[in-house]
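Chemist: 3D, please:
(chains A and B)
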2 protein chains.
Amino acid sequence: MWKAEIHVTLKDAVLDPQGKAVRSVLGSLGYSAVEKVRIGKYLEMVLNVDSRAEAERQLDEICHRVLANPVIEQYDYQLVEVPR
Amino acid sequence: MWKAEIHVTLKDAVLDPQGKAVRSVLGSLGYSAVEKVRIGKYLEMVLNVDSRAEAERQLDEICHRVLANPVIEQYDYQLVEVPR
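Modeler: Predicted coordinates for the structure are as follows:
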């Protein structure tokens, strides 16, 4: 079994209105030191497969097809083996 | 300047209907190896402060007051110094 920690983030060139909104709220609350906010998605996923290679194959498919919009988003993940 | 990578996740005891929905969709797409999905928030934030201690002080406040609901969510972050 493999546990994946997946990050899906907007590509650098893509504007992040949600992040801008959070930054603006933080500014109005007095946190003027906050200069930049970018918001992404975070997922933890457990895959019941035997090999790291098979986990990576499925994760790449899942991220590309389902979790991320490849036009504006990028993804990465870390994999760790967990006891069954 | 300090860059923070922040994760806000549901506490383990809290049900995650969004994660369940994603798992169900993945199952219906043929990814039956996916056994568990938990979904959280991921933020990158740049703070214009001089010391790590001050960055941590502000981040703990921001996470506790704004980003996370401390009743059902937990947060953690990694800090790295970035050139001004």
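
Chemist: thought residue A:3 was touching residue A:83?
Modeler: No - using Cβ atoms under 8 Å as the test, residue A:3 is too far from residue A:83 to be in contact (10.4 Å). In this view, the C-beta of every residue, glycine as well, is placed from N, C-alpha and C.

Chemist: Could you list the paired strands of the top strand by length along chain A along with their orientation?
Modeler: Counting residues, the longest strand found in chain A (DSSP state E) is strand A:34-47. Here strand A:34-47 has these sheet partners by DSSP bridges: strand A:2-10 (antiparallel), strand B:34-47 (antiparallel).

Chemist: mind listing what's buried in the longest one?
Modeler: Spelled out, that is strand B:34-47. Neighbour-count burial for strand B:34-47 flags B:34, B:37-47 (criterion: 16 or more other Cβ atoms under 10 Å in any protein chain shown).

Chemist: The first one too?
Modeler: Applying a neighbour-count criterion of 16+ other Cβ under 10 Å, one finds A:2-10 buried in strand A:2-10.

Chemist: got a markdown table for these, with pLDDT too?
Modeler: Output for these, formatted as a markdown table (pLDDT from 0 to 100):
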| residue | pLDDT |
| --- | --- |
| A:2 | 97 |
| A:3 | 97 |
| A:4 | 98 |
| A:5 | 98 |
| A:6 | 98 |
| A:7 | 97 |
| A:8 | 97 |
| A:9 | 97 |
| A:10 | 97 |
